[in-house]
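In: Sequence and predicted model, in that order:
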Amino acid sequence: MSEETAASATPWIRIHEAGTRIGQSVEIRGWVTHRRSSGKIQFLVVRDGSGEMQCVAGVRDLSAGQWEASQALTQESAVVLRGTLKADARQVGGVELGIQSLEVISLAPEYPITPKEHGVDYLMDHRHLWLRSPRQQAILRIRAEIISAFRDFMNGEGFVLVDAPIFTPSACEGTTTLFETQYFDDKAYLTQSGQLYMEAAAMAFGRVYCLGPAFRAEKSKTRRHLIEFWMMEPEWAFATLPDVIALEERLLVATVARVLERRGEDLKVIERDTTRLARVQGPFPRIHYDDAVKMLHAAGIPFEYGNDFGAPDETELSNRYDTPIFVTHYPAAIKAFYMEPDPANPQLSLSCDCLAPEGYGEIVGGGQRMSSLDLLTQRIDQHGLPQSAFEWYKDLRRYGSVPHAGFGIGVERTLAWIAGLDHVRESIAFPRMLYRLTP
RNA sequence: UCCUCGGUAGCUCAAUGGUAGAGCAUCCGGCUGUUAACCGGAGGGUUGUAAGUUCGAAUCUUACCCGAGGAGCCA
């Protein structure tokens, strides 16, 4: 039998399905993560992106050339292995490959990331390689699950995906710092939020959402901040503040449930305490800003009414509950210009932030949008923004203006909370942070 | 931008004014069931940069560079 025939007869499988193929001859294509040798027998731990499996070869199992090649294997060398799968209770996954043939695709030189410990700076400098570690893969798989859950949930609620532009002519909110870039002979800015565009789309489709990157040139340097982060922003015509809070609640419950259901193995890899996630069931507390301030005062925290909550304030509030909490009716002065005033107290706004448990802070921000053209025009002036930049946005109030509401939910912060991460830098493949643009 | 902490071998760290070390990684040798395998040996350094104090500086002083954690702001 020629080698080509043998190759075609041996199915290439992925490691995660090895357990269902005990006794079969298979081919594995992957990278060596560990090699242990005991003279005439050696153990290769190989990963292929779907899992890891120990593969074992004795000196008599391979040709002399293959045996020699196998002894020279280094961490992260790429190999194609063929052999027979056998049950072995000692192994993770209960399977082991008895190697009968080994082909070295590429021999790696000394690999920078060893199985030992490394510092954050070093790992971030090698982020392109760090992604190969089991923990990082688990986190990014959970990220992918969260994004799928977001999309499936919104689609199920009848929302239409409408993507927002990345290049924008001016600030969406005018408050935070923008990244400026050249747009032929003009200046353009990287988007901070797709919301204003979603408001336009909501007046077309009724219910819409976008999911994409946002860029904030803020010199923020904390575990909760990225310069480039991903956000989903639903916008819902004819909806009010309570409607959109209920929507957020259903979204979060559905997302956590789905991660628990489908990414249990990954949660185990990162050693997440899932009992806390299992308690994330609706309804979540709704706390009026006035009451939140009273709670802080009762806890002996000096806080001036009218201010926004700082990170320690948010932690104080959210630590009282197992679930995320909604804080509503923030003072209009500390919220964006487009927030609808509270009819019961015009100093307050129909706004809502959702604070994650365990001190993860704000993961969702949203509220009801202003529907009056006159008031909107006034607020744009009050915020020192140019009316001309918002003429198209004001058209939405000229032609069939309706109450509408929406929110933005941060993918990385939601993931950091669900996965129990210490820092959002692990929540995206290639984080963009203050002082870090590479790799 | 501000506050705090840090930078010593490829990596993680030790050495607190007196010859710069260990573990891992790498290379060589040994071992047929290892699990961050183990055992023996070897190579590996302008102590972030620059200046200063001192007989003598990784160690003390100053400036700068780089990073980490936090604040503000926000998802």
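Out: Arrived safely.
In: now the stretch 151-300 of chain A, which segments are flagged as low pLDDT?
Out: A:170-176 (pLDDT under 70).
In: Please enumerate the strands of the stretch 101-250 of chain A.
Out: Ranges of strands within the stretch 101-250 of chain A are A:160-161, A:167-168, A:180-183, A:186-190, A:207-215, A:228-237, based on DSSP state E, counting those that start in this stretch.
In: Make CSV out of those strands and add mean neighbour count and distance to residue A:296.
Out: Where you see a C-beta, it was placed from the backbone N, CA and C, and this is true even at glycine. Shown next, in CSV, are the strands of the stretch 101-250 of chain A (neighbours: other Cβ atoms under 10 Å; distance: least, Cβ to Cβ, whole Å):
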stretch, mean neighbour count, distance to residue A:296
strand A:160-161, 14, 39
strand A:167-168, 16, 36
strand A:180-183, 11, 38
strand A:186-190, 16, 35
strand A:207-215, 22, 29
strand A:228-237, 24, 28
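In: and residue A:18, that's in a strand?
Out: No - per DSSP: H, G, I helix; E, B strand; the rest coil, residue A:18 lies outside any strand segment and is helix.
In: What about contact with RNA strand B: does stretch A:263-283 have any residue there?
Out: No - Stretch A:263-283 is not in contact with RNA strand B by Cβ under 7 Å from any atom of the strand; minimum separation 13.8 Å.
In: Show residues contacting that stretch.
Out: A:134-135, A:137-139, A:141-142, A:145, A:249-250, A:252-253, A:256-257, A:259-260, A:322-324, A:357-358, A:418-420 (Cβ atoms under 8 Å, 6 or more residues apart in numbering).
In: now do the same end-to-end measure for that stretch.
Out: End-to-end distance for stretch A:263-283, by Cα to Cα, to the nearest Å: 24 Å.
In: ok, and for that stretch, which residues are buried?
Out: A:263, A:266-267, A:269-270, A:272, A:274, A:277, A:280 (16 or more other Cβ atoms under 10 Å).
In: which stretch among the strands of the stretch 101-250 of chain A comes nearest RNA strand B?
Out: RNA strand B lies closest, by Cβ to the nearest atom of the strand, to one member of those: strand A:228-237, at 3.7 Å.
In: what's that closest one packed up against?
Out: Judged by 3 or more Cβ pairs under 8 Å, 6 or more residues apart in numbering; DSSP states H and E, strand A:228-237 is in contact with helix A:134-156, helix A:195-205, strand A:207-215, helix A:241-262, strand A:404-410, helix A:411-419.
In: If you compare the directions of that strand and helix A:241-262, what angle comes out?
Out: Following axes from the mean of the first three to the mean of the last three Cα atoms, to 10 degrees, one obtains 130 degrees for the angle between strand A:228-237 and helix A:241-262.
In: Between helix A:195-205 and strand A:228-237, find me the angle.
Out: Here strand A:228-237 runs at an angle of 40 degrees relative to helix A:195-205 (the same axes, to 10 degrees).
In: Give me the domain ranges for chain A.
Out: A:3-106, A:125-427 (automatic domain parsing).
In: just these: most buried one?
Out: Highest mean neighbour count among the domains of chain A (mean count of other Cβ atoms under 10 Å): domain A:125-427, with a mean of 18.
In: pLDDT of stretch A:55-71, averaged?
Out: On average, the pLDDT along stretch A:55-71 is 90.
In: Residues touching it, excluding its own?
Out: The contact list for stretch A:55-71 (Cβ under 8 Å, 6+ apart) reads A:28, A:37, A:40-46, A:81, A:83, A:96-104.
In: Keep only these that also lie close to RNA strand B.
Out: Among the contacts of stretch A:55-71, the ones lying near RNA strand B by Cβ under 7 Å from any atom of the strand are A:37, A:40-41, A:43, A:45, A:96, A:98.
In: follow-up on the earlier one: let me have the helices and strands packed on strand A:228-237 in TSV, extended by distance to residue A:379.
Out: Shown next, in TSV, are the helices and strands packed on strand A:228-237 (distance: least, Cβ to Cβ, whole Å):
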stretch	distance to residue A:379
helix A:134-156	29
helix A:195-205	14
strand A:207-215	22
helix A:241-262	18
strand A:404-410	16
helix A:411-419	28
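In: Show the contacting residues for the closest residue to residue A:133 other than its chain neighbours.
Out: The shortest distance from residue A:133 to any non-neighbouring residue, by Cβ to Cβ, 6 or more residues apart in numbering, is to residue A:113 (6.9 Å). Going by Cβ under 8 Å, 6+ apart, residue A:113 touches A:123, A:126, A:129-130, A:132-133.
In: what's the distance between the nearest residue to residue A:14 once chain neighbours are set aside and RNA strand B?
Out: Nearest residue to residue A:14, sequence neighbours excluded (Cβ to Cβ, 6+ apart): residue A:50, at 4.0 Å. For residue A:50, the distance to RNA strand B equals 18 Å [Cβ to the nearest atom of the strand, to the nearest Å].
In: coming back round to it: specify which member of the ones next to RNA strand B among the contacts of stretch A:55-71 is nearest to residue A:169.
Out: Set against residue A:169, the nearest of these by Cβ to Cβ is residue A:45 (53.2 Å).
In: what residues are up against that closest one?
Out: By Cβ under 8 Å, 6+ apart, the neighbours of residue A:45 are A:32-35, A:52-55.
In: any chance of these in CSV, with distance to residue A:304 and secondary structure too?
Out: Listed next are the contacts of residue A:45 as CSV, based on distance: Cβ to Cβ, whole Å; DSSP: H, G, I helix; E, B strand; the rest coil:
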residue, distance to residue A:304, secondary structure
A:32, 59, strand
A:33, 54, strand
A:34, 57, strand
A:35, 62, strand
A:52, 54, strand
A:53, 59, strand
A:54, 61, strand
A:55, 64, strand
